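1. 3D, please:
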Amino acid sequence: MKNISMISIMCLVAVLLGLIAPSLGELKYCPGPDIPRARSCGAHGYEACFFAVLAHYPASLKPRNIRCVDVSKNRSKCSFEILCA
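-> Numbering: from 1, shown residues only. Model prediction:
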């Protein structure tokens, strides 16, 4: 009997959290400062920027929209968004 009531309570809590969570709003993202690179983007620019962003910011800031952008022939920058403080 105890197990059934505990499972019922857990299901009720899960349903309530499912109803409340959308009302908390979406996460707000802000542009992060560009990270300069001393080479062009090339074929692996995204991967290089991905690791560069994670080296500067923890994954808990949920970086997204990571892009490598060529600035000149041998220079590029990594642009991205992170959770706003």
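2. where's residue 83 relative to residue 57, distance?
-> Separation of residue 83 from residue 57 (C-beta to C-beta, to the nearest Å): 9 Å. Where C-beta positions appear, they are placed from N, C-alpha and C, glycine not excepted.
3. where does this protein have low pLDDT?
-> Along the chain, segments meeting pLDDT under 70 span 1-24.
4. rerun at 50
-> Scanning the chain with the threshold set as pLDDT under 50 gives 15-16, 19.
5. check which helix or strand covers residue 50.
-> Element membership for residue 50 (DSSP states H and E) is helix 45-56.
6. and that helix, what other elements does it pack with?
-> Using 3 or more C-beta pairs under 8 Å, 6 or more residues apart in numbering; DSSP states H and E, the elements in contact with helix 45-56 are strand 35-37, strand 64-72, strand 75-83.
7. between these, which gets nearest to residue 26?
-> Among the helices and strands packed on helix 45-56, strand 75-83 comes nearest to residue 26, with 11.0 Å by C-beta to C-beta.
8. got the angle for that closest one vs helix 45-56?
-> For strand 75-83 against helix 45-56, the angle by axes from the mean of the first three to the mean of the last three C-alpha atoms, to 10 degrees is 60 degrees.
9. OK, contacts around the residue lying closest to residue 67 once chain neighbours are set aside?
-> Spatially, and ignoring its direct neighbours in sequence, residue 67 is nearest to residue 79 (5.1 Å; C-beta to C-beta, 6 or more residues apart in numbering). Residue 79 makes contact with 31, 32, 34, 65, 66, 67, 69, according to C-beta atoms under 8 Å, 6 or more residues apart in numbering.
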